[in-house]
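Asks: Could you work out the structure for the sequence below:
(one chain, ligands or ions: 1)
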Amino acid sequence: MVDLSVDLGFLKLKNPVMAASGTFGYGLEFQPLYNLNLLGGLVVKGLYFKPREGNPPPRLAESPCGLINSIGLQGIGVEAFCREILPWLADLTTAVIANVCGEEEGEYARVAEYLSRHPGLAALELNISCPNVREGGKCPAQDPEATYRTVKRVRQASSLPLITKLSPNVTDITAVALAAQEAGSQAVSLVNTFLALAIDLESRKPKLGNVLGGLSGPAIKPLAMRMVFEVARKVKIPVIGLGGIFNYQDALEFMVAGASAVQVGTANFVNPQACPEIIKGIEDWAESQGIKRLSEIVGSLKF
Ligand SMILES: Cc1cc2nc3c(=O)[nH]c(=O)nc-3n(C[C@H](O)[C@H](O)[C@H](O)COP(=O)(O)O)c2cc1C
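Replies: Predicted structure coming up:
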């Protein structure tokens, strides 16, 4: 028997595999497909305070080995989430994590504070890739100081453990990770999507209603893994890795690069059974390697 559990310090996961925000609905949608308690954790769709319609369609475009989305953080808002969804999620034995959004620092704090008054959440994941309406659409993740301020504000508003989700659309992701750590984040997750453009040549129009979107899927895996590697060597807090994880080998590679746990995103659209299959694959691999505790492989890259 292999011990697959992960101790993040503030949270113990039964295994390292979580479903990523925005690719797993509010969790309920996957309930008919498999037992959600098999997961190490699940992160729900991003939540602003109020409901949001998101961006105009089309909102998805495929590219080789990737998906470009411009959903624009459509969602039901935090009040409906706590009233209608969270009581159901609270019965799960898997770690349920809420993805927190905001149009400015105050909204992030308000959403976090509201969520922490309701039982059932294991942690908050701060989506600092939301455009700031007061700063011309620039998101906090693009600036270490704005990251520090946002994390600090949320830290003061909520006692729930905090994971800060970093954007890859920066020159030096380690500076942002260090700012998040300094402000009291207990972990970082990376990466969110890469800013991208898809064009329809015949019409010479963008394929997405919002013009730009975010690229995810296998196309970004080596880039995401490089960033996980860089960040894990700089910060003291645990790193959660994601970006193009489609099978157990991908997940294990992220762990070898330094991730204590991983998230699976776009793969859920291609194969709804991706998460349980990856967990099983990890267990079988560890057994075949004679590994007793999976956490041994975290950051074990030989170079
Ligand atoms: C359709 C879609 C919606 C997403 N929505 C969110 C979101 O609400 N909050 C968030 O932090 N990330 C969101 N993401 C980003 C994913 O959680 C993940 O960081 C990214 O897709 C990279 O991982 P992957 O290649 O495994 O999909 C979304 C991604 C996709 C494809």
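Asks: What number of residues are in the vicinity of Tyr34?
Replies: 14 (other C-beta atoms under 10 Å). Every C-beta, even on glycine, is put in place using the N, C-alpha and C of the backbone.
Asks: Over to it: give its phi and psi.
Replies: Phi and psi for Tyr34, reported as degrees, to the nearest 10, are phi -160, psi 170.
Asks: OK, contacts around Phe49?
Replies: Neighbouring residues of Phe49 by C-beta atoms under 8 Å, 6 or more residues apart in numbering: 77-79, 102, 107, 110-111, 114.
Asks: and the two most separated of those?
Replies: Distance extremes for those: the farthest pair is Glu79 and Gly102 at 14.9 Å, using C-beta to C-beta.
Asks: Comparing those two, which residue is more hemmed in?
Replies: Between Glu79 and Gly102, counting by other C-beta under 10 Å, Gly102 is the more crowded of the two (26 against 13).
Asks: and the gap between the more buried one and Cys275?
Replies: Gly102 is 28 Å from Cys275, where distance means C-beta to C-beta, to the nearest Å.
Asks: doesn't Ala274 make contact with Phe246?
Replies: Yes. Between Phe246 and Ala274 there is a contact under C-beta atoms under 8 Å: 6.8 Å.
Asks: Give me the common contacts of the two.
Replies: Listed as contacting both Phe246 and Ala274 by C-beta under 8 Å, 6+ apart are 264, 267.
Asks: still on that earlier bit, got the contacts of Phe49 as TSV, with pLDDT, distance to the ligand and secondary structure columns?
Replies: Shown next, in TSV, are those (pLDDT from 0 to 100; distance: C-beta to the nearest ligand atom, whole Å; DSSP: H, G, I helix; E, B strand; the rest coil):
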residue	pLDDT	distance to the ligand	secondary structure
Gly77	98	13	coil
Val78	98	13	helix
Glu79	98	17	helix
Gly102	96	12	coil
Glu107	97	15	helix
Arg110	98	17	helix
Val111	98	13	helix
Tyr114	98	17	helix
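Asks: looking at the residues you listed, which has the most residues close by?
Replies: In terms of neighbours by other C-beta under 10 Å, these top out with Val111 at 28 neighbours.
Asks: list the contacts for that one?
Replies: 47-49, 78, 100-102.
Asks: Also Gly243?
Replies: Per C-beta under 8 Å, 6+ apart, neighbours of Gly243: 168, 190-191, 216, 220-221, 223-225, 227, 265.
Asks: mind redoing it with 10 Å?
Replies: Going by C-beta atoms under 10 Å, 6 or more residues apart in numbering, Gly243 touches 20, 168, 190-194, 215-228, 250, 254, 262-263, 265-266.
Asks: and if you look at Leu212?
Replies: Applying C-beta under 10 Å, 6+ apart to Leu212 gives the contacts 55, 68, 70, 195-198, 206.
Asks: give me the element Leu223 is part of.
Replies: Taking DSSP states H and E as the definition, Leu223 sits inside helix 221-234.
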